[in-house]
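*Asks:* need a structure here:
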Amino acid sequence: MPAPIDKIVTSGTFSLDGGPWDVDNNVWIVGDDAEVFVIDPAHDPAAIAARVGGRKVKAILLTHGHDDHIRYAGEFRELTGAPVYLNPADRMLWDAVFPDAAPDAEIADGDTFEVAGTELRALHTPGHSPGSTVFYAPQLATVFSGDTLFNGGPGATGRSYSDFGTIIESIKERLLTLPAETTVNTGHGDSTTIGAESPHLDEWIARGH
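*Replies:* Have a look, this model is predicted:
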C-alpha cells in the first residue's frame, strides 16, 4: 500500500530583496505509522512535530532554499534528529539564513528516497531558484512541486537567483511530461494536476514576456 500523504499549513514570512511578506506554506508529510519524510517544514516546527507524533522522521527534504521554506529547518532537525537534504545550487540561500550550519546532505537530480515502501524521486527544476527540486512519487501519482509549479502557473521569478525562461523550461521538460493525472502538491495554495496546468503553457509564456 502506498504511503499516505498528510498536509499541515503553517504561517509566517518570506524575505528576499526586501520584505518581509506574510505567507502560508504547505508542509507535506509522507509515510506510514512508523516513519515519514517531511517536505519543507516551514514556520512552526513544534506544530509539525506534533503532527508527526511518535513516528521517525527519516529525512527533511527541502524543495529550495528560500527562507520561508528553510528558516525553521534547523529547529525541526533538532526536534527530530532527522538529516536535512538540499540541492547545493541553493547553498547561498541557505548560508544567508544559516551561516554557521550546513545541510546534512545534498540532493542531486535523480536521487531517490524511500519511505514506507514508496519512492520519491528528485527532479531538478531550476528557475524559481537555481537549486529548486521537486519530488515525484509515481506510486502516489503525485509530485511535490515546491514553488516551481502552482495551481494557475509557474512560481515567481522576480527576485534574486530566479529566471523566467529557466522555470518555463523546467516545467515543460520535467513536469508537463508526467502523466496528466499526476496530482501537484504545491508549496503554497491549492493542489492541482498536471493535466489541468499543461494546456496553459503558452499563456504563461506570453504573460511572462
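
*Asks:* can you map out the strands along the chain?
*Replies:* 5-14, 21-31, 35-39, 56-61, 84-86, 105-106, 112-115, 118-124, 133-137, 142-146, 149-150, 153-154, 183-186, 192-193 (DSSP state E).

*Asks:* out of those strands, which is the most enclosed?
*Replies:* Per-stretch averages of neighbours, counted by mean count of other Cβ atoms under 10 Å, single out strand 142-146 among the strands of the chain, with a mean of 28. Bear in mind the C-beta positions are built from the backbone N, C-alpha and C, glycine included.

*Asks:* if we can go back for a sec, could you dump the strands of the chain into TSV and include mean pLDDT and distance to D95?
*Replies:* Below are the strands of the chain laid out as TSV (pLDDT from 0 to 100; distance: least, Cβ to Cβ, whole Å):
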stretch	mean pLDDT	distance to D95
strand 5-14	98	17
strand 21-31	98	21
strand 35-39	98	21
strand 56-61	98	17
strand 84-86	98	11
strand 105-106	98	14
strand 112-115	98	24
strand 118-124	98	20
strand 133-137	99	18
strand 142-146	98	19
strand 149-150	98	26
strand 153-154	98	26
strand 183-186	98	26
strand 192-193	98	32
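
*Asks:* JSON lines for these, including distance to I171?
*Replies:* Formatted as JSON lines, these follow (distance: least, Cβ to Cβ, whole Å):
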{"stretch": "strand 5-14", "distance to I171": "21"}
{"stretch": "strand 21-31", "distance to I171": "18"}
{"stretch": "strand 35-39", "distance to I171": "19"}
{"stretch": "strand 56-61", "distance to I171": "20"}
{"stretch": "strand 84-86", "distance to I171": "21"}
{"stretch": "strand 105-106", "distance to I171": "23"}
{"stretch": "strand 112-115", "distance to I171": "22"}
{"stretch": "strand 118-124", "distance to I171": "11"}
{"stretch": "strand 133-137", "distance to I171": "10"}
{"stretch": "strand 142-146", "distance to I171": "9"}
{"stretch": "strand 149-150", "distance to I171": "6"}
{"stretch": "strand 153-154", "distance to I171": "6"}
{"stretch": "strand 183-186", "distance to I171": "10"}
{"stretch": "strand 192-193", "distance to I171": "12"}
